[in-house]
Every structure is written in structure tokens, then in C-alpha cells.
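1. everything below, folded, please.
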Amino acid sequence: MTNLADAPTELGDALAKVTAAAVVEGGLRGLDDAGVLGALAVAGRIRRGAEAVMVEAVAVLVDRDRDVRHADRITTRYGCRTTNELVQRATRVSGRTASDMLAAAGAVQQAVALSTGELLPPPFPGLRAALAAGQVGIDGIVAVTGAFRGCHTGRAEMLAADTELAAAACGEGVDAAPPASADELRALALVWAAYLDQDGAEPEDTRALRKRGITVGRRGDDGLVPLRGLLLPDVAAQLQLGFDSILNPRTDGAPAPGPCFTASDDQDDEAPPDPSEPVASAADQRSHTQKLHDAFAVLLTAAAASGELPTLGGAAPTLVVSVRAEDLATGHGHAHLPGDDQPVPLAVARHIACTGAIQRVLLDNTGRIVSITTLDRVFHHHQRKAITLRDGGCLIPGCHVPPQWCEIHHVHEHSRGGPTHTDNGVLLCWFHHRTLDTGGWHIRMINGIPHVKGPYWWDPHVKWRPATKSPTRKRDLIAQRN
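-> Next up, the predicted model:
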């Protein structure tokens, strides 16, 4: 039997020499095309072999922590919260790769029976053999198991599918095709899952309940976080009602002077604007999908502020944005969101700070916390009611977000001495609050009355004009003119 205490070290040393010859010394550049492809194939085989060892090691760790007290688990003894974290630290892979490793381990794991101590057969014995032979890697196993997730079938049928899929991975399938890639295994597994699924007559609502779900991905290089999912019809209808309440345009139009609003077409986001249409024909240049995103942000903010959500750590779920005081004062630097190592623009910190409380934490040169100060800068409910009566909704002309969905903006920034007073607070929707510094709109207070100055395409004269959406205030203005 191979001595597993010495073999990995010897293998690692040998691989390091090959790596140096191929990468550092440029050995691959001297090979022809066939040679480079051959080296790539061999590297893939080495990777699959290494992944087999990692999957088996993870399976052993999971089995040893099974039915063990929390204090005695391997994860606890090595200072990790979960097995995923332990795998990340041991292998230096990402959290997603660690999750795939755990899923693969679960598919090929030979658990030990607690009563007899014997090894139990794995869920996919054929794939386990293919893994041990270096014919399939983690991504191939995850592709297969993902295709069978939620598939209701018997053990014998699943073993038949496993046998054929393992043969396809090894290039020994019935079609005599070369060894299948991970994507090809997934396609074949989906065919098997559809064939074996005995829930064909399952009621539509039951199937929908089984398939419902939402996934929030990781922030990509473009700074965006993917959100995907399948909603039940009633949940989608409720969400659509929330969108409609925020985005539904009124038919009475904006008070003069104001822009001419046109209905937006559901065009491709990448389609260029029509040069024949003037820019001033629409005050809101957002696409339909961008409007839905901003409306979703409003709904989330309103839900968090409602007081109806469960608490986290004894407090309401509160978004905490951290930023250095110097960066916020100078306007240079970045802010950070919890659980995200990548920075976000300072505009995010200013936006959150304008509507929430600020907690100043002073640290000494060694990093010790020496003081904590909380500044109460949130408009209380009586002030909000009064501001709602005066403003009636988002103050930006042409925006129809109702007051209950709006945030209160400090016209004179609180960090620069602006008070939390009705004479210094105005209603703005999430989008216009977030983009106030860059959207071309300006707000100031004159004797406690909000005034708005818009971009040139909205008002060629670019004048300060009093603004309100309140029906009672509009009636007062009409009465004053008459």
C-alpha cells in the first residue's frame, strides 16, 4: 500500500519541477500544437487525480464529524465554523469550489456504519470508481448529482443511470464516444433524470413548490451581483403589485413647467437610443429593468424599516456600511459592505448615512476601540408625517413614487452641520436619492420650502422652482393665485 504520508510530498516535488520547466523556463513554447494539447490533457488528468484525493479527504472529514458533539468535531478543534470553511483554509479554494467539493464527497462517500463499522456503498458507486481512476473530476460529479436533484426514482434505476454515466465518463459508453466532459455528463444525466422521474403526473402547483427558489450570487468583476430565481405565481403577483405601486405613472402629468413623458418600450438594454428622438422627451432615462431594480431596492428598504422582520442579533436587520471618517469628509476613498471584501463607492455610504444613524468608532494606533459614539440623525415619525404632508412624494418632477416608499434626504448634509429638522428634510425616492450628486437635479430650502433646479433638458432656463406633490398644497397654491 502506498505510504500516504510520504507520497503526496514526493508527488508535489516532482510536479513542482514539471511546473517550473513548463511555466518558468517556457518549456511549452518549444512544443508543437500536439505537444501543447498533450501537456494540457496530462495536466487535466493530474488535476482530476488531485481532486479525487481531495474529495475522499473531505468525505472522511464529514464522516468523522457525523454524530459527534460540536465541541469534539474536527471543524471546532481546528477553529472553523463549518466544514466548508475548513476546506477553504486547507485547500485555498473559493467558498463555491469548497461547496462543490462537499457535494461531490456526498455523492461518492463510503460512510461507516455506526453499528457494525463496515463501509456502506456510496450513492454513486460508478462515479466513485471513475473518480478513483482519474476519469472524472469534481465538476463532472457535481454536474451529474445536480441533474438528479429532486428526481424521485428507485435505487435500482439510479444505479443503472450511475453505471452508464460512469461508462460515458471513462469513454466506455454504449455509443463508443470519447470520455465525456462535465457538460456532456450533465446533458446525459438530465436525459436519465427525465426518463426516471416518476412524477410526470405531479400536480403543477406541487411541482412549482418543489422548484421554487432564489439564488444570490457573488459580486463579479463588473461590480454587480447576479440574482436569479423562480417565484411562485402568488409571490410574483405580490412583487408585481409592489413594483406597480412605485413605478405606475399617473395620468394627470407633472405641473408646468415639466417634461413631456412618453411610455417606455421594452427594448433590449444594449440597443442604442433613437437619434431622431430628443433627449428631453423623457425625464427618466432608466431602462425598464433598471426601474424594476430600483423598485426592488425600495421594497427591501421599506420591509427592513417596517419593524415586521425578525431581528438579527437582537436588532432589526440593518445594513451597516463602514467608511473612514477622513474619506467621507474629503470625498476620496471607498466604503465597505458587510461580508464583502470588495469596496463600494462613497456614494453608497453617503446615501445610507443620509437616511440612517451614524456610529463613530474611534480606534488608537494599535487598533483598539477607545470610544463609540452614536449620532441620532434619523427623522422621527412625527417629522416624517409633516414632511409627507408638505412634499406629497418624491420631489423630483416626473417621478411618481408615493411618500410611503420615499426616503428623507438631508438637504444640508448632517456631517456638515445640517440639522435633522423639517426645514432640512425632503422626500426622495431611492433612485433619485442615490443619484442626486450625479443626476443633474439640485435641491435647496428657501424659508422651509423645497426648491428644485433641474438639468437643462428639463428647464432650459435652469431656475430654482418650488416643488411639491401634495394635493392639498397644490390646492393652496391655486387658491393663492385666484
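
2. only C-alpha atoms from now on, for both contacts and neighbour counts.
-> Will do.

3. mind listing the helices for the stretch 51-200 of the chain?
-> Ranges of helices within the stretch 51-200 of the chain are 74-77, 83-91, 95-108, 125-132, 138-147, 155-169, 182-196, based on DSSP state H, counting those that start in this stretch.

4. pLDDT on the helix or strand containing Asp13, on average?
-> Taking DSSP states H and E as the criterion, Asp13 maps to helix 7-19. Averaged over helix 7-19, pLDDT sits at 78.

5. now stretch 63-74
-> 88.

6. nearest spatial neighbour of Tyr441, skipping sequence neighbours?
-> For the record, residue 441 is Trp, not Tyr. Using Cα to Cα, 6 or more residues apart in numbering and skipping residues adjacent in sequence, the residue nearest Trp441 is Gly454, 4.6 Å away.

7. also Gly425?
-> Using Cα to Cα, 6+ apart, the closest residue to Gly425 is His410 (4.9 Å).

8. am I right that that neighbour is in contact with Asp423?
-> No. Using Cα atoms under 8 Å, His410 makes no contact with Asp423, being 9.3 Å away.

9. show me what the helix holding Asp13 is packed against.
-> Here helix 7-19 touches no other helix or strand, going by 3 or more Cα pairs under 8 Å, 6 or more residues apart in numbering; DSSP states H and E.

10. what does it contact?
-> Residues outside helix 7-19 that contact it (Cα atoms under 8 Å, 6 or more residues apart in numbering): none are found.

11. which phi and psi values does Lys453 adopt?
-> Here is the backbone geometry of Lys453 (degrees, to the nearest 10): phi -120, psi 120.

12. I figured it was touching His442, is that so?
-> Yes. Contact criterion Cα under 8 Å: Lys453 and His442 qualify, at 5.1 Å.

13. between these two, who's got more neighbours?
-> Using other Cα atoms under 10 Å as the criterion, Lys453 and His442 rank with Lys453 on top: 21 against 16.

14. list the contacts for the residue nearest to the more buried one when sequence neighbours are not counted?
-> Distances taken as Cα to Cα, 6+ apart put Trp464 closest to Lys453, at 4.6 Å, once the chain neighbours are dropped. Going by Cα under 8 Å, 6+ apart, Trp464 touches His451, Val452, Lys453, Gly454.

15. domain ranges for this structure, per the record?
-> What automatic domain parsing lists as the domains of the chain is 31-198, 233-251+284-307+380-482, 319-378.

16. worst average pLDDT in these?
-> Among the domains of the chain, domain 319-378 scores lowest, at a mean of 73.

17. span of it from start to end?
-> 15 Å (Cα to Cα, to the nearest Å).

18. could you do stretch 402-417 as well?
-> Counting by Cα to Cα, the terminal residues of stretch 402-417 are separated by 29 Å.

19. just the buried positions in it, please.
-> Buried positions in stretch 402-417, judged by neighbour count with 16 or more other Cα atoms under 10 Å: 402-415.

20. just how off-centre is it within its chain?
-> 27 Å (Cα atoms, centre = their mean, to the nearest Å).

21. going forward, begin numbering at 20 instead of 1
-> Sounds good: first residue 20 from here, last item stretch 421-436.

22. what's next to that stretch, contact-wise?
-> Here stretch 421-436 has contacts from 264-265, 317-318, 321, 373-374, 396, 398, 403, 407, 411-413, 437-439, 443-449, 452, 462-464, using Cα under 8 Å, 6+ apart.

23. so Ile462 versus Lys472, what's the distance?
-> From Ile462 to Lys472 the distance is 6 Å (Cα to Cα).

24. Arg484 now?
-> 6 Å.

25. now swap in Arg231 and tell me
-> Distance, Arg231 to Lys472, by Cα to Cα: 46 Å.

26. now His431
-> As judged by Cα to Cα, His431 and Lys472 stand 15 Å apart.

27. now swap in His171 and tell me
-> Where Lys472 is concerned, His171 sits at a distance of 63 Å (Cα to Cα).

28. repeat that for Met177.
-> From Met177 to Lys472 the distance is 68 Å (Cα to Cα).

29. got the end-to-end distance for stretch 132-146?
-> When the termini of stretch 132-146 are compared using Cα to Cα, they are 21 Å apart.

30. for the residue nearest to Lys472, give me phi and psi.
-> The phi/psi pair for Trp483 (degrees, to the nearest 10) is phi -80, psi 130.

31. just to revisit the earlier point, okay, the domains of the chain in a markdown table with distance to Gly239 next?
-> Converted to a markdown table, the domains of the chain look like this (distance: least, Cα to Cα, whole Å):
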| stretch | distance to Gly239 |
| --- | --- |
| domain 50-217 | 13 |
| domain 252-270+303-326+399-501 | 17 |
| domain 338-397 | 10 |
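
32. between the ones you listed, which gets nearest to Asp240?
-> Minimum separation from Asp240 across these (Cα to Cα) falls at domain 338-397, 9.8 Å.

33. helix/strand/coil for Ile391?
-> strand (DSSP: H, G, I helix; E, B strand; the rest coil).

34. that one bridge partners, please.
-> Val380 (DSSP bridges).

35. contacting residues for it?
-> Gln378, Arg379, Val380, Leu381.

36. what about the buried residues of stretch 421-436, which are in strands?
-> Glu426, Ile427, His428, His429 (DSSP state E).

37. take these and lay them out in JSON lines including distance to Glu70.
-> Output for those, formatted as JSON lines (distance: Cα to Cα, whole Å):
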{"residue": "Glu426", "distance to Glu70": "51"}
{"residue": "Ile427", "distance to Glu70": "54"}
{"residue": "His428", "distance to Glu70": "54"}
{"residue": "His429", "distance to Glu70": "55"}
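
38. closest to Asp51 among those?
-> Nearest member of these to Asp51, counting by Cα to Cα, is Glu426, at 64.1 Å.

39. and Gly411, how many neighbours?
-> Neighbour number of Gly411 under other Cα under 10 Å is 26.

40. next one: it from Leu447, what distance?
-> 10 Å.

41. equivalent analysis for Gln361, please.
-> Relative to Leu447, and taking Cα to Cα, Gln361 is found at 28 Å.

42. between those two, which one's more packed in?
-> A direct count of neighbours by other Cα under 10 Å for Gln361 and Leu447 places Leu447 higher, at 24 against 13.

43. tell me the secondary structure of the residue nearest to that one when sequence neighbours are not counted, please.
-> Computed as Cα to Cα, 6+ apart, the closest residue to Leu447 that is not its neighbour in sequence is Cys413, at 4.3 Å. Classification of Cys413 by three-state DSSP places it in coil.

44. pull the contacting residues for Cys413.
-> Applying Cα under 8 Å, 6+ apart to Cys413 gives the contacts His419, Val420, Pro421, Pro422, Cys425, Leu446, Leu447, Cys448, Lys488.

45. 10 Å instead?
-> 407, 419-427, 445-449, 451-452, 486-488 (Cα atoms under 10 Å, 6 or more residues apart in numbering).

46. all strands of this protein, in order?
-> Using DSSP E, strands in the chain cover 232-235, 246-249, 377-382, 388-394, 426-429, 444-447, 461-465, 468-472, 484-485.

47. in a markdown table: these, plus distance to Gly57.
-> A markdown table is the format used below for the strands of the chain (distance: least, Cα to Cα, whole Å):
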| stretch | distance to Gly57 |
| --- | --- |
| strand 232-235 | 38 |
| strand 246-249 | 38 |
| strand 377-382 | 57 |
| strand 388-394 | 57 |
| strand 426-429 | 61 |
| strand 444-447 | 62 |
| strand 461-465 | 64 |
| strand 468-472 | 67 |
| strand 484-485 | 72 |
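
48. name the stretch among those that sits most buried.
-> The highest mean neighbour count among the strands of the chain, using mean count of other Cα atoms under 10 Å, belongs to strand 444-447: a mean of 28.
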